[in-house]
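# For reference, the sequence and a predicted model appear below.
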Amino acid sequence: MISFLDLKKLNSVYAEQLREACARVIDSGWFIGGQELANFERSFAEYCGVEHCVGVANGLDALTLTLRAWKEMGRLEEGDEVIVPANTYIASVLAITENRLKPVLVEPDPQTFNLSAEGVQAALTDKTRAVVAVHLYGQMADMKGIMALADQHDLLVLEDAAQSHGASIDGRRAGSWGHAAGFSFYPGKNLGALGDAGALATHDEALAKMVRGLGNYGSYRKYENEFQGVNSRLDEIQAAMLSVKLVHLDREIVARRKVATAYLEGIDNPGVRLPHLNAPEQHVWHLFVVRCERREELQRHLHDSGVQTLIHYPIPPHKQQAYSAFGNLSLPLTEAIHREVLSLPISPVMSEDEVQAVVRAVNAFA
Ligand SMILES: *Cc1c(COP(=O)(O)O)cnc(C)c1O
């Protein structure tokens, strides 16, 4: 069986360095808020092209705490409308509702499945205060168009970059376009920790300081609490793991592109629609998502051919029980996407034989 993502193989490439880094933290006797975190935050900020990075416990917290920080800073208020693509992972929406802001779910661009400037424009009301721009599958949303609208209408833009570490437009990376960006380092992401981890990236020093305080019980000085904060910190072990892996991220992206190129060139099946790319050098291929009207049959056929696939995602947020209040919204494009998408295996450690076996299996689907 060709696995969807072989995390054991992926991390085993760095096993020695990871063990060394782990031993360094154990020997230091310091596990929260130390040098490993500071080092990783500095390198990741530099990688993204921003001044500030704040490690938090996971990607959802990076998004939630940023919106919360904007509330504490008086830039958002309960009930404000926040535009978000309807076809996203539920975390993008949870971050909004957790802050008692109002998500406005918008149909995506039919080609890229990402939020478009036209989509944002059409959803604007006099209550719109922010946009969560999700960079789905490894490709960035139209940040030029979205930022131009944001400037015009005084909107805050939060990039959900959980799937797009290293993606870029005109050489400017994901995380450096909006007023802030949330990253996830969940093990399966393109930059993955060996556990949960996340970060905020921003040019805004005051925002970075606020998120750091909120994630540390609302405190900057031990036992003095300025805000009713939470505990959301990136620990030393995970920061050390991430520092090891960040060095190799660009090489891994190149390897992912090679797999994607082989799929794009090799897959030739009229029943299977290949992903659309704005510009090949900008996509970091977190996921390789094809569209097929007979998705369940294709998935079964691939399984029987020894290829593991996953669906990102089977149920859109507005059809989730958790959001039953949105259940009567009609978002036909988003719903069609969720019915038809299938993610093929992609990773920096797939062999050429495995890649060609996937191509053959997809092409053999009648
Ligand atoms: C993974 C993901 C998140 C959440 O990240 P966690 O670290 O799992 O909390 C948020 N948004 C998107 C688009 C994601 O893919």
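Thanks, I have the structure now. Not measured: the values here are computed from a predicted model. Numbering: from 1, shown residues only.

# If we ignore the residues flanking it in sequence, what's nearest residue 62?
Among residues not flanking residue 62 along the chain, residue 182 sits closest, at 3.4 Å (CB to CB, 6 or more residues apart in numbering). No exception for glycine: its C-beta is placed from N, CA and C like everyone else's.

# Next, the contact list for the one you found, please.
Contacts here follow CB atoms under 8 Å, 6 or more residues apart in numbering; on that basis residue 182 touches 59, 62-63, 66, 95, 158-162, 198-200.

# Next SSE downstream of the helix or strand containing it?
With secondary structure defined by DSSP states H and E, residue 182 is part of strand 180-184. As assigned by DSSP H and E, the chain's next helix or strand after strand 180-184 is strand 198-202.

# Adjacent strands (with direction) for that following strand?
strand 52-56 (antiparallel), strand 180-184 (antiparallel) (DSSP bridges).

# Show me the one of the ones you listed that comes nearest the ligand.
Taking CB to the nearest ligand atom, strand 180-184 is the member of the strands paired with strand 198-202 nearest to the ligand, at 3.1 Å.

# touching the ligand at all, the closest one?
Yes: Strand 180-184 is in contact with the ligand by CB under 6 Å from any ligand atom, via residue 184.

# In PDB, could you pull the C-alpha coordinates for that strand?
These are the backbone C-alpha positions of strand 180-184, laid out as PDB (Å, rounded to 0.1, in the frame of the first residue of the first chain):
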ATOM      1  CA  ALA A 180      -1.100  38.800  10.700                       C
ATOM      2  CA  ALA A 181      -0.900  35.100   9.800                       C
ATOM      3  CA  GLY A 182      -1.500  31.900  11.700                       C
ATOM      4  CA  PHE A 183       0.600  28.900  11.100                       C
ATOM      5  CA  SER A 184       0.100  25.300  12.200                       C
END
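
# now it: mean pLDDT?
Mean per-residue pLDDT for strand 180-184: 98.

# ok now the longest strand along the chain, how far from the chain's centre?
When the chain is scanned for its longest strand (criterion: DSSP state E), the result is strand 128-134. Computed by CA atoms, centre = their mean, to the nearest Å, the chain-centroid distance of strand 128-134 equals 15 Å.

# That strand pairs with which strands, and in what direction?
Sheet pairing for strand 128-134, using DSSP bridges, gives strand 81-85 (parallel), strand 156-160 (parallel).

# Output stretch 154-166 as PDB, restricted to C-alpha atoms.
Once non-C-alpha atoms are left out, stretch 154-166 reads as follows in PDB (Å, rounded to 0.1, in the frame of the first residue of the first chain):
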ATOM      1  CA  ASP A 154     -10.000  49.500   6.400                       C
ATOM      2  CA  LEU A 155     -10.200  45.700   7.000                       C
ATOM      3  CA  LEU A 156      -7.900  43.600   9.000                       C
ATOM      4  CA  VAL A 157      -6.500  40.600   7.100                       C
ATOM      5  CA  LEU A 158      -5.500  37.400   8.900                       C
ATOM      6  CA  GLU A 159      -3.800  34.800   6.700                       C
ATOM      7  CA  ASP A 160      -4.600  31.200   7.600                       C
ATOM      8  CA  ALA A 161      -1.300  29.800   6.400                       C
ATOM      9  CA  ALA A 162      -1.600  26.400   8.100                       C
ATOM     10  CA  GLN A 163      -1.200  24.700   4.700                       C
ATOM     11  CA  SER A 164       1.200  27.000   3.000                       C
ATOM     12  CA  HIS A 165       4.500  27.500   4.800                       C
ATOM     13  CA  GLY A 166       6.900  28.800   2.100                       C
END
